[in-house]
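A.B. asks: Dropping a prediction and its sequence here:
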Amino acid sequence: MSYTKLSALDIAQKVQAGELKALDMLEASLAQIQAVDGDFGQLDGQVTDPNTDKKVHAFISLTKDLALAQAEAVDAKVQKGEDAGLLAGVPVSIKDIFALDGTVTTAASRMLHNYRAPYTATAVQKLIDAGALIVGKVNLDEFTFGSSNESSAYQPASNNPWNTAHVPGGSSGGSAAAVAAEETPLSLGTDTGGSIRQPAAFCGVVGLKPSYGRISRYGLIAFASSLDCPGPLARNVPDAALMLQVMAGSDQRDENTSILPVPNYLEAIQQDVKGLRIGLSPDYAGIAYPNPETGAFEVIPVQREVNQAVLDAAECLAKLGAEIVEDVPMPHTRYGIPVYFVVSRIEAASNLNRMDGVKYGFSVVDPKDLQDLYRRTRSEGFGMQPKLRILMGAYLSASSKNLNYYQLASQVRAMVRKDFDLAFDATGAHRLDALLTPTTPTSAFKRAELFGDSVLMQYADQMTVSVNHAGLPAVTVPAGLDDAGLPIGIQLIGNDFREDTILRVANAYEQATSDAAWRKIRPMALQEVK
Amino acid sequence: MKDYEIIIGLETHIQLNTETKIFCNCKADSWEAEPNTNICPVCTGQPGVLPRLNEEAVRKGALLAAAMNAEINPRSLFDRKHYFYPDLPKSFQITQLFEPIGKGGYLDLHMADGETRRVRINKMHLEEDAGKTKLEHGQRMVDLNRGGVPLVEMVTEPDLRSGEEAAQYLTQLRELLRWIGVSEADMERGHLRCDANVSIREKGSSVLNTKTEIKNVNSIDSVRQAITLEAKRQIELVEAGGVVEPYTLDWDADAGKLSMMRSKEAEADYRYFREPDLRPVVLSEAEIAEIKASLPELPYVRRQRFVDDYQLSAYDAEILTSERGLSDYFEEAVALYGKDPKTISNWMMNDLIRLMNDTGKTARELVLQPQALAEIVRLLDDGKINAATGKSLLVKVEESGKSPAVIVEEEGLGLIADADSLRTQIEVILSGAPGEVAAFRGGKESLMGWFVGQVMRSTGGKADPKLTREILAELLKA
């Protein structure tokens, strides 16, 4: 059996037990990358590989030297009988939006193509400290702005390993693709409006967006500061729990991290789901989309197989002893995307202000003057997505507006949050432990199908974005394949800092469906390998 | 010519003397450090970094609000103010617009003529400083050492009416900042920076006319001169039928001249919004009460009390309250001494301040603390030493760290107050000067001084002068 099929838990166990050398694990991971990834995404890259469309292209760069040093350190510790950490010898890929000291951290943008981070993100440092091997940086939508990976300045961008003509989703598309294609068992992603969960669902892997403040954002190149969450992508629920375990906790460098103690997730997920109350909401049965002509909301139902997967999962959980609570009203879900347009754009435009060509990153040669330096650096350095977001963010936060959009949006955000408060209220009508919803309205779409239509692509995030507004945890788990053979994900949303509960439900579901026929089917990109 | 009134508002930036910068762990003070040596990922605005608020900056900001009679905001917030400039690494400044640390407030100016003028505060908030840029060999160089240093921006209402009043405001503000210990307030080092808004109007009018803004008035003399000049320019302009335009003016202190920097266009759009990376700054009622309680007696109040309680002259009271440590020193010395406060005042005004100047130390940095000063004055009162010895003791204590009594003992500086031994010495002197003795007895009593001088010379100045005269009188009578 190839090491790359092993779960992170198994790898760490075997490495610690001396049954598997971290160095061998690293080699296996690098060999898999070599076999399936094809050309790495590069700036102005010329593609020559005739099979490039069948490759995964998850990576932008490898950090081989670093991983080698880490593997040697882990093996040395094991040799000496020391504890090599919860992730001893586990290869991990990092979305190229996290600072890692001494490595080029591109954010998949020309703007940072030459930016060598002088420090390491807290989440990444915690992985390293736990014995993980950081094998490289994976692709994403430019500055995380997108849901398909297509906006990356580093091309070819990632493909969906299940069908390489389809997108892997985004923005953590490289992470989801790398995990699905068994290049690394774990990947570190970020989720601002669904950027972990949507690609995880598209690629048939587990993706967890933790509560806001559960994992430090320090070193994550900010998109929307009040929404961003780092989180794990993994091939199964226990592995996601393990990775969360390592990264969770307060950080002095991020004021918004919580000081709540971190529970033992691996223990928590072993419990059964008897008596847990799992909600279903009609407001997650479709996408409410404002008609551009009339402004009235029209509801587009989610894909048939997706809806069926949610119902099947509910039935499965009911059989396991959970109580299914139907018709939980989540009436403000439909405002999630419009509010997101305001909050995320204003914050993004602000966060991108620092990319000015003065200190680091891309800078035009021989500017005429300071204004010329700013203007040309930003117009040549940023791709279309950052530009759109800067324009909209600047427009919405302009003081000439009679309305303070940010403040208004924050108020609507509180109403979105209120839906969840009512649903989870322990003394309320529903008393939910988790809300079960589709993760995405459809399975992975084809490359170029939606790219460019950023409004429509945004509305596809309606199932995931409310959770970011509310700061709650949510996990997506694979729940089958659609008629086209593409993965479907279902989402479990939990109350504040109840990652333990949603992971427990997700694990029970995963265990109960472990023998399902669809779980035997392997992604296309992997079938091509052997 | 009509009678004009000058309307002035001052905008000050006060650098708080915290240990570290406001959002990172770099040292706040990088005076004379090489460019870009006191920086880190946070204060250079690297992608991915987050600010973390320095509580000391909040406490000092709140203390200043209390000292300015402002309300301390129990829940203040930070906002982002966006603009592009090379010395601003994030291209936004973290500041406070909507909910600042202090609200309202005022400073009462005590003018030389005895009048008091109340200057109201329009806004007072915490923010981070930017770095610096300078042109070198045709290139614009950026130094981010100063980036992220905590500032309080404080803006007055247009309540000042002359360059002199503006100067007085800054003088009192500087004194207050040092007194409560929130800033070194050294204008030359940029700890206290000032811009002045100046307009004129006919006396009796209540309109606010177009103002000009004078930048870089970074000394108290500059403030006085620049405002006076600018007001004169505006009056002459208006008298000649001209119109004041909203210029920004630069003050050149060396040339004593104002020059136009730019015509002020429409307000830039800073796109303010709430800083999402920082939590609200919440101060409980108890914390606010504690901050207010920690506010020391303010200089003007203490000055008045020194006059009332210790009968000091206004001049002495002013000098002794010019710095909080010095005034504390005075009160401690008075308490330890237990007798006439003026005696302590005299010693401090003359000798202690000289010692401070000579050593370059503040009162609190001296080795010679109030205990020793009181002891020296008491030794003198008790006739144990003479005045010259007292003065020399100040220096000796400062240099050796020993107590005055020990030094007197070790160096034999005490006065000879033993009548028998002194009598024996005087008898020897008199026997060696029969001519003078005869002359004195013959009526030339003015020779008494000469005899005293001889005794002093032979005893090295240590003879108790009173006793010496008594013994001389007795022996010369015969």
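C.D. replies: Noted; the coordinates are in hand. Residues are numbered from 1 along each chain as shown, chains lettered A, B, ... in the order given.
A.B. asks: rest of the way, CA atoms for contacts and neighbours
C.D. replies: OK.
A.B. asks: need the residues of the stretch 101-250 of chain A near chain B, please.
C.D. replies: Applying CA under 8 Å from any CA of the partner chain, we find that the stretch 101-250 of chain A lies next to chain B at A:117, A:118, A:119, A:121, A:217, A:218, A:219, A:220, A:221, A:222, A:225, A:226.
A.B. asks: Swap in 6 Å and give it another go.
C.D. replies: A:218, A:219, A:220, A:221, A:222, A:225, A:226 (CA under 6 Å from any CA of the partner chain).
A.B. asks: repeat for chain A
C.D. replies: Checking chain A against chain B by CA under 6 Å from any CA, the hits are A:218, A:219, A:220, A:221, A:222, A:225, A:226, A:353, A:354, A:397, A:398, A:399.
A.B. asks: Between the residues you listed, identify the one with the most neighbours.
C.D. replies: Each of the residues of chain A next to chain B was scored for neighbours by other CA atoms under 10 Å in any protein chain shown, and residue A:220 scores highest at 29 neighbours.
A.B. asks: JSON lines for the residues of chain A next to chain B, including pLDDT, secondary structure and distance to residue A:254?
C.D. replies: Output for these, formatted as JSON lines (pLDDT from 0 to 100; DSSP: H, G, I helix; E, B strand; the rest coil; distance: CA to CA, whole Å):
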{"residue": "A:218", "pLDDT": "98", "secondary structure": "coil", "distance to residue A:254": "6"}
{"residue": "A:219", "pLDDT": "98", "secondary structure": "coil", "distance to residue A:254": "10"}
{"residue": "A:220", "pLDDT": "98", "secondary structure": "strand", "distance to residue A:254": "11"}
{"residue": "A:221", "pLDDT": "98", "secondary structure": "coil", "distance to residue A:254": "13"}
{"residue": "A:222", "pLDDT": "98", "secondary structure": "coil", "distance to residue A:254": "12"}
{"residue": "A:225", "pLDDT": "97", "secondary structure": "coil", "distance to residue A:254": "11"}
{"residue": "A:226", "pLDDT": "97", "secondary structure": "coil", "distance to residue A:254": "12"}
{"residue": "A:353", "pLDDT": "97", "secondary structure": "helix", "distance to residue A:254": "20"}
{"residue": "A:354", "pLDDT": "98", "secondary structure": "helix", "distance to residue A:254": "19"}
{"residue": "A:397", "pLDDT": "91", "secondary structure": "helix", "distance to residue A:254": "25"}
{"residue": "A:398", "pLDDT": "89", "secondary structure": "coil", "distance to residue A:254": "28"}
{"residue": "A:399", "pLDDT": "78", "secondary structure": "coil", "distance to residue A:254": "29"}
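A.B. asks: Throw those residues into a markdown table and include distance to residue B:205, thanks.
C.D. replies: Below are these laid out as a markdown table (distance: CA to CA, whole Å):
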| residue | distance to residue B:205 |
| --- | --- |
| A:218 | 56 |
| A:219 | 57 |
| A:220 | 57 |
| A:221 | 55 |
| A:222 | 53 |
| A:225 | 50 |
| A:226 | 50 |
| A:353 | 45 |
| A:354 | 47 |
| A:397 | 38 |
| A:398 | 36 |
| A:399 | 32 |
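A.B. asks: least trustworthy helix or strand in chain A by mean pLDDT?
C.D. replies: Least confident helix or strand, chain A: helix A:454-459 with a mean of 71, by mean pLDDT, DSSP states H and E.
A.B. asks: now residue A:507, what's its secondary structure?
C.D. replies: On the three-state scheme (DSSP: H, G, I helix; E, B strand; the rest coil), residue A:507 is labelled helix.
A.B. asks: give me the number of residues near residue A:458?
C.D. replies: Neighbourhood size, residue A:458 [other CA under 10 Å]: 17.
A.B. asks: For it, which non-adjacent residue is spatially closest?
C.D. replies: Spatial nearest neighbour of residue A:458, excluding adjacent residues (CA to CA, 6 or more residues apart in numbering or on different chains): residue A:337 at 7.1 Å.
A.B. asks: what about the one you found, which helix or strand?
C.D. replies: Element membership of residue A:337, judged by DSSP states H and E, is helix A:336-351.
A.B. asks: That helix - contacts with which helices or strands?
C.D. replies: If you count contacts as 3 or more CA pairs under 6 Å, 6 or more residues apart in numbering or on different chains; DSSP states H and E, helix A:336-351 packs onto helix A:384-397.
A.B. asks: sorry, back to before: farthest-apart pair in the residues of the stretch 101-250 of chain A next to chain B, please.
C.D. replies: Spanning the widest gap among those are A:219 and A:226, at 14.8 Å by CA to CA.
A.B. asks: okay, now the domains of chain B?
C.D. replies: Following automatic domain parsing, chain B resolves into domains at B:4-287, B:297-411, B:419-477.
A.B. asks: Switch these over to a markdown table; also include mean neighbour count, distance to chain A and mean pLDDT.
C.D. replies: Formatted as a markdown table, the domains of chain B follow (neighbours: other CA atoms under 10 Å in any protein chain shown; distance: least, CA to the nearest CA, whole Å; pLDDT from 0 to 100):
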| stretch | mean neighbour count | distance to chain A | mean pLDDT |
| --- | --- | --- | --- |
| domain B:4-287 | 19 | 4 | 94 |
| domain B:297-411 | 17 | 36 | 92 |
| domain B:419-477 | 15 | 67 | 85 |
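A.B. asks: can you redo those domains as JSON lines with distance to residue A:288?
C.D. replies: JSON lines is the format used below for the domains of chain B (distance: least, CA to CA, whole Å):
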{"stretch": "domain B:4-287", "distance to residue A:288": "28"}
{"stretch": "domain B:297-411", "distance to residue A:288": "63"}
{"stretch": "domain B:419-477", "distance to residue A:288": "104"}
